[in-house]
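Student: Predicted coordinates and the sequence they were generated for:
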Amino acid sequence: MSNLVEAAKELLSKGYSVIPVNSNKLPAMDGWGIYQAKAMDISQAERFFKNASGIAMLMGGSKSLTGLDFDLKYSLTSDFYDRFKALIPVSILEKMFVQSTRNGGFHWVWSCPERVEGNQKLAQRLTTPEEKHEVYIQAFQDVNTRPNAVKIASNHKVKVLVETRGEGGYILVTPTPGYTYVYGKINTLTAAEHDLILETARQFNEYFEPIKNLRMYDKSENGVNPFEEFKERGDTVKLLLENGWTITSENKYNIRFRRPGSEASPSSAMYDVASKVLNVFSTSTQFDVNRGYSPASVFIELEADGDPSLAYQKLCELGYNVKVE
């Protein structure tokens, strides 16, 4: 494995922080966290990487690295990666290091000093019935987990398609077996370029956290809950447009919006027509990403700066404290 030693030395000489990993992709050394802030000395590479199974490059750190991990084995379509790449400008694609992974996926790596963040799950999908059944069979075949097989399968809810590796995380890199260099080198992206990549990934997300039950006040003196009444006859789309959001596409199922102040992103949020739920992809808004917002929740954020009490008062003033038949 001398090639791993030499590769580790080369990466260390360029200022990147790397650690050895075993065949299970786990750190093959204790206390590796200390190298998040500062890379080990090149003289230590021989000792640490001599018997290693692979090399892991630490994200975040002094190089402000972000890694994007595509786990394509979980994609239900063969063109997922190509559709994703088509939404990213070539000028950005040319700025990063790209490699293929041993499970048929890809890693993108870049630097962005303005965006040093932790690991984030960007695009997930619900598990299929067949996948849940496989988990159930595996759990049932083990006598230790058999009593909870149904529960284990039920809790197997999502598959992660795209996620970041940031501060506190790492990615395995070539010449680790199974990882192959594709093209490019690590360059610096602007905050806007970094955000565009993450927003694009969130557009492929199919799983959102359940709508949080914000504090819904008691019925008004007229026996009507203004929040519930706004859900029935309020216009969330109009509300978004009045607050600077623009429609980029729509059909009978959903409407996609671009956030205020953004020209590059093809989509910053999606409104589901049937459920009246808004899901936001961009972190550059007052909304949380990957969480569903009911009409009342959208009103609270846009018209009351997140204050349910003020929103309640405003809805009453707008006449939502009475039932309209």
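Tutor: Thanks, I have it. The structure displayed is predicted, hence computed values, not measured ones.

Student: and after the helix or strand of the chain with the lowest mean pLDDT, which helix or strand comes next?
Tutor: Ranking every helix and strand in the chain by mean pLDDT, DSSP states H and E puts helix 149-154 at the bottom, with a mean of 85. Using DSSP states H and E, the next helix or strand after helix 149-154 towards the C-terminus is strand 158-165.

Student: what's the spacing between that next one and its chain's center?
Tutor: Centroid separation for strand 158-165 versus its chain: 7 Å, with CA atoms, centre = their mean, to the nearest Å.

Student: strands paired with it, and their directions?
Tutor: Strand 158-165 pairs in its sheet with strand 65-70 (antiparallel), strand 121-126 (antiparallel), by DSSP bridges.

Student: Could you pull out the buried residues of stretch 233-253?
Tutor: For stretch 233-253, burial by neighbour count (16 or more other CB atoms under 10 Å) applies to 234, 236-237, 239-240, 245. Where C-beta positions appear, they are placed from N, C-alpha and C, glycine not excepted.

Student: Point to the residue nearest the middle of the chain.
Tutor: The chain has residue 122 as the residue nearest its centroid, 1.6 Å off, counting by CA atoms, centre = their mean.

Student: if I read this right, that residue contacts residue 198, doesn't it?
Tutor: Yes. Residue 122 lies in contact with residue 198 (CB atoms under 8 Å); the separation is 6.1 Å.

Student: Show me whatever sits in contact with both of these two.
Tutor: Both residue 122 and residue 198 are in contact with residue 164, where contact means CB atoms under 8 Å, 6 or more residues apart in numbering.

Student: ok so, going back, in strands only, show me the buried residues of stretch 233-253.
Tutor: Judged by DSSP state E, the subset of these located in strands is empty.

Student: Check which helices and strands the least confident helix or strand of the chain sits against.
Tutor: helix 129-141 (3 or more CB pairs under 8 Å, 6 or more residues apart in numbering; DSSP states H and E).

Student: tell me the mean pLDDT over the helix it packs on?
Tutor: For helix 129-141, mean pLDDT is 90.

Student: Now do the contacts for residue 119.
Tutor: Applying CB under 8 Å, 6+ apart to residue 119 gives the contacts 163-166, 168-169.

Student: Show me where the stretch 101-250 of the chain has its helices.
Tutor: 129-141, 149-154, 191-202, 226-233, 236-242 (DSSP state H, counting those that start in this stretch).

Student: who wins for proximity to residue 37 among those helices?
Tutor: Of all the helices of the stretch 101-250 of the chain, helix 191-202 sits nearest to residue 37, with 21.2 Å by CB to CB.
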